[in-house]
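Visitor: Make a model of this:
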Amino acid sequence: MTFVQNLTLFVLAAFVGYEIITKIPTNLHTPLMSGANAISGITLLGSIVVAGSGSTGLATGLGFVAVVMATINVVGGYLVSHSMLKQFSGGRN
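Guide: Prediction:
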């Protein structure tokens with residue numbers, strides 16, 4: 001894919017993601033966040049594969065950055081989801 005195709009795909013994905021999140025009721029954000037965390041886990045695996053391929057130095061560097069960012073997203077999403085679910089537990093925990 002060319003740079004323009006990748007940029008177009010990125011802009012369209014960002015637009016669709018923004019529209020989906022703004023149209024969904026707030027009580028469904030926690031399950032969606034859990035689903036997004038699962039997708040970020042897949043992203044993490046892909047970035048590990050790219051970082052470990054060692055085809056070029058640029059690919060390894062970008063893969064490493066992707067690993068760090070995906071890890072932050074997964075861990076942060078898990079902590080936020082856990083905190084939100086704890087609020088709904090009703091004092092049992």
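
Visitor: if I look at the closest residue to Thr71 other than its chain neighbours, how far off is Leu28?
Guide: Among residues not flanking Thr71 along the chain, Leu44 sits closest, at 6.2 Å (Cβ to Cβ, 6 or more residues apart in numbering). C-beta: built from backbone N, CA, C; applies to glycine. Distance from Leu44 to Leu28, counting by Cβ to Cβ, to the nearest Å: 24 Å.

Visitor: Equivalent analysis for Gly61, please.
Guide: Using Cβ to Cβ, Gly61 is found at 37 Å from Leu28.

Visitor: one step back: look at the residue nearest to Thr71 and report its pLDDT.
Guide: Turning to Leu44, the model gives it a pLDDT of 87.

Visitor: and it, how far is that from Leu32?
Guide: Note on Leu44: its distance to Leu32, by Cβ to Cβ, is 19 Å.

Visitor: Those two: which is more packed in?
Guide: For Leu44 versus Leu32, the count of surrounding residues by other Cβ atoms under 10 Å is larger for Leu44: 18 against 13.

Visitor: next SSE after the helix or strand where that one lies?
Guide: According to DSSP states H and E, Leu44 maps onto helix 29-53. Going down the chain from helix 29-53, the next helix or strand is helix 57-88, by DSSP H and E.
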